[in-house]
Every structure is written in C-alpha cells, then in structure tokens.
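**Q** Below is the sequence, then the predicted model.
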Amino acid sequence: MRYNEKELQALSRQPAEMAAELGMRGPKKGSVAKRRLVKLVVNFLFYFRPDEAEPLGALLLERCRVAQEEPGGFSISFVEDLSRKYHFECCSQEQCQEWMEALRRASYEYMRQSLIFYRNEIRKMTGKDPLEQFGISEEARFQLNSLPRDEQTCTGSQLGVLD
Amino acid sequence: MKLNERSLAFYATCDAPVDNAGFLHKRGGRGAGSHRRWFVLRGNMLFYFESEASREPLGVILLEGCTVELVDAREEFAFAVRFAGGRSRSYVLAADSQAALEGWVKALSRASFHYLRLVVRELEQQLAAMREGSPANTLSANPNPISNPRPKENGRAVWSALPEQPTAAPKRPPLPPRRRASAPNRPLASFAQLHEHYGREVRALRSQWRGGQAGLAGLEVWHRSSSGGTHTQDQP
C-alpha cells in the first residue's frame, strides 16, 4: 500500500501525547524484546531505536485493543486478528496503566464518540447545538447514527475488554 | 518506515460508516496521466482503491497537517491536497461535479485529528463552564467513586437512552446496576472518565462471568439467547 511517508515522518517529530523508552516485542513468534523509544502522536504510535531521529515504524491505532499482559506489561492488537500482539514492557504498573489509558483514547473513532457525547450533553442542557458555531452541525460524521451498529468493532474493542 | 498495513487495509474496508466516499481523478506522480479511483475518507486517512469493489486499497494519504485548496487545472472541479515542507508532493484530485467538489473540500479540510481534538476540547470547556455556572451542579458524594480528582460521574452515558434489557434468561450474565439519570445535582464527568469507568466495570463483570461458567458452552448459550452480540448492553 502506498502512503505519504514524508508526512508520516513529519508527524513523528511533532509533540507527543506520551513518549517513553519501553521494551517492545513484535507479534512474530520468537521475536525478542528490544528497547524502543515509543511515541504517541494523534492516532499513531511511533517507535524508534533509542537515539535515532527517524522512526523504525508506526502503528495506526484504529480498531485496536489494548490489554494488560503481565504486571507492568501491555499489548496492542487489532480487531481483525487479536492474537497478533505487539507487547510492551513498562518500568512499573503505574506507567503501564497510564499508557493503556492513553492508547485506549488515542483513536480518531474514540475522539469522534467523545464529540458526539459532549454535543448531546450540551444540547440536552441548553437546547442548542454547540456545533452550529463551527458550521459543522450537519456533517454526517458527527451524527449519532454515524456510530456503526454492532457496538462498533471500532469502539467495542476500545472499551478494552480484557480476557 | 514500517506501517501496520494489514490493519490499515481492514480499517479502510470495515463496516463502519465512512466520512466521505466517491470517485475522483487522481494525477499520477510526475506528469503521468490521471486515473479514476474510488476514494474513501475515514478519520484522518484518505484511502484510494482501484475500484469500488476492491478489497485492498492501492494507497492512503495521511491528512494530518494538510491544506486543501481549489486549483485552476486542466481538469474541471479540481482541488489539491498540499503539505508544508519543501519536497512534499501535492495531490491534485478532480471530482465529477461541483457538488462533489464542495463535499470533498469541506470533508478533507476538517478531517485532521488535530481539528477534531480542538472541537472536543472546546465542547469540554463549554460543558465545564456550564457546570460551574449552574447552582444545582454542586459536587456531591458519589456512591461509585472513580480514582480521579475531577467532578464525579453521575452514572449517565449516551447509551442509557436504550430501552431496559429484558429480564435475564437464566444463562445471561448479570446486568450492571442501572443508574437513574435524572438526579439534578450530580455533575457530569468527562467522556474519558466514563469510558474508563464503564470499561473497568465491563472487564470486571466479564471475568466474573467467565469465572463462574463451565467454559465456552455457557457463553455460547448466552450468545444465542441474547438479541445482539456480546456488547448488547453497551450499545448507544
């Protein structure tokens, strides 16, 4: 699949919501944990070799599930194949918790749900649509019915239901 | 750079409603001719396919940081998606009609995550301001405390608008305690707090449920007797 790598690299240099050096292990069998600088920017998780400027890779965080693994460790996997996990090791359960919460809220889909939620709450309280001031009240993507039916494969997994 | 392309492809073709879709003519790089492609906008990613029926995108354009502008081009109804920075390429696209052009320009210029987050933060602030302004919204003790210093949740979420679940058939897992939404002096928590709170609750119930059942057989019965999928209770 082609993609605009230059823009993705530029994104990786932007201020991050979270950044830390973590142990990271890919989903392939037999992969070994390596130290990586992991950086959360909008709905992407970038990972770098420590002290390198260009990321090794990026994970788009849509339709993903974030789960606790061993204490201090969590995994990211994707809805189409939940058994394929990217593993991360933190230095404490506290750090692990912080990352899991941030990653669960990192997707565009989650942000969209937040918007719909707040819009509704404000509408109920004031009778007015707060999106009118932005000129986006008619946009299909912000309507309640724009949330997919089956508790959103996009968002159901975002509830982070743990096995 | 590695990218989780397989997941990207699934995201591009999943069932969820798209933010915009349609045919556009896309110029190939370096003056090569233009091709008619099926474009799908999802979030801040613009995917393009060889045809509407294709199961895998040919490519994707990350839209973060782009500007969208009309262009005077040889094609009618043309616009460009441009990025800052010296050697970035522009994508010149052409729609089939004025209406389609306007729809795409509007959708793409507001597609970024940054934009969405700005709007959400603005709404969060509005809600917080309303809370402070209203005398009824005093912070009161909450029977279900969350470990967060901000105002407590009132147990109400967008999915509480659903009709009550029917009384559980014997094999169904217990429903979480239903909280009444109407108490006027319970301030509203942020979406993130509610999300985290309900997520924990769902996880706890789920492990309780699984602990008490004889393996998958119990779950299967529940699936069959419920009207929807595993997340029926949580549907908005």
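**A** Cool, got the structure. All values reported here derive from a predicted model rather than from experimental measurement.
**Q** my guess is B:Val119 meets A:Leu115, correct?
**A** Yes. Counting by C-beta atoms under 8 Å, B:Val119 touches A:Leu115, with 6.1 Å between them. Using the backbone N, CA and C atoms, a C-beta is placed for each residue, glycine as well.
**Q** Buried residues, stretch B:39-58. List them.
**A** Within stretch B:39-58, the residues that count as buried by 16 or more other C-beta atoms under 10 Å in any protein chain shown are B:39-49, B:57-58.
**Q** tell me which element B:Arg82 is part of?
**A** When elements are assigned from DSSP states H and E, B:Arg82 belongs to strand B:78-83.
**Q** Low-confidence ranges, chain A, go.
**A** A:144-163 (pLDDT under 70).
**Q** Determine the longest helix present in it.
**A** helix A:108-126 (DSSP state H).
**Q** quick check, that helix touching chain B?
**A** Yes. With C-beta under 8 Å from any C-beta of the partner chain as the criterion, chain B is reached by helix A:108-126 at A:108-122, A:125-126.
**Q** In PyMOL, how would I select just the buried ones from those?
**A** The following PyMOL line selects those of the residues of helix A:108-126 next to chain B that are buried, judged by 16+ other C-beta under 10 Å:
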select buried, chain A and resi 108+109+110+111+112+113+114+115+116+117+118+119+120+121+122+125
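**Q** give me every residue that touches the spatially closest residue to B:Ala84 that is not a sequence neighbour.
**A** Among residues not flanking B:Ala84 along the chain, B:Gly65 sits closest, at 6.5 Å (C-beta to C-beta, 6 or more residues apart in numbering or on different chains). If a contact means C-beta atoms under 8 Å, 6 or more residues apart in numbering or on different chains, then B:Gly65 has A:7, A:10-11, B:83-84, B:112, B:114 as its contacts.
**Q** Tell me which residues of stretch B:8-26 come out buried.
**A** B:8-14, B:16, B:18-20, B:22-26.
**Q** How about stretch B:71-81?
**A** So, applying 16+ other C-beta under 10 Å, buried residues of stretch B:71-81: B:77-81.
**Q** ok, the residues you listed vs chain A, which is closest?
**A** B:Val81 (9.5 Å; C-beta to the nearest C-beta).
**Q** Could you give the bridge partners of the closest one?
**A** Assessed by DSSP bridges, B:Val81 has beta-bridge partners B:Val68, B:Tyr91.
**Q** would you list every one of the helices in chain A?
**A** A:5-12, A:93-104, A:108-126.
**Q** Relative to chain B, how far out is the most centrally placed residue in chain A?
**A** Nearest residue to the geometric centre of chain A (C-alpha atoms, centre = their mean): A:Ala106, 3.4 Å. According to C-beta to the nearest C-beta, to the nearest Å, A:Ala106 and chain B sit 9 Å apart.
**Q** Please enumerate the strands of chain B.
**A** B:2-3, B:20-27, B:34-42, B:45-49, B:59-62, B:66-70, B:78-83, B:91-94 (DSSP state E).
**Q** Contacts made by stretch B:68-83 with the rest, please.
**A** A:4, A:6-7, A:10, B:25, B:34, B:46, B:61, B:63, B:65-67, B:88-98, B:100-101, B:104-105, B:108-109.
**Q** CA-only coordinates of that stretch in CSV, if you can.
**A** Coordinates of the C-alpha atoms in stretch B:68-83 are reproduced here as CSV (Å, rounded to 0.1, in the frame of the first residue of the first chain):
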residue,chain,number,x,y,z
VAL,B,68,-7.0,21.8,0.8
GLU,B,69,-7.4,24.3,-1.9
LEU,B,70,-9.2,24.8,-5.2
VAL,B,71,-6.9,24.8,-8.2
ASP,B,72,-7.0,26.1,-11.7
ALA,B,73,-6.2,22.9,-13.5
ARG,B,74,-6.8,21.3,-16.8
GLU,B,75,-9.4,19.2,-15.1
GLU,B,76,-12.7,20.5,-14.1
PHE,B,77,-13.7,20.5,-10.4
ALA,B,78,-10.1,20.2,-9.4
PHE,B,79,-8.6,20.7,-6.0
ALA,B,80,-5.3,19.9,-4.3
VAL,B,81,-4.2,18.4,-1.0
ARG,B,82,-0.9,20.0,-0.1
PHE,B,83,1.5,19.7,2.7
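**Q** Run a quick neighbour tally on B:Tyr115.
**A** 16 (other C-beta atoms under 10 Å in any protein chain shown).
**Q** what's near enough to touch the closest residue to A:Phe78 other than its chain neighbours?
**A** Distances taken as C-beta to C-beta, 6+ apart put B:Ser7 closest to A:Phe78, at 4.2 Å, once the chain neighbours are dropped. Shown in contact with B:Ser7 (C-beta under 8 Å, 6+ apart): A:59-60, A:62-64, A:78, A:80.
**Q** that older thread, wait, which of the strands of chain B is closest to A:Gly135?
**A** strand B:66-70 (15.4 Å; C-beta to C-beta).
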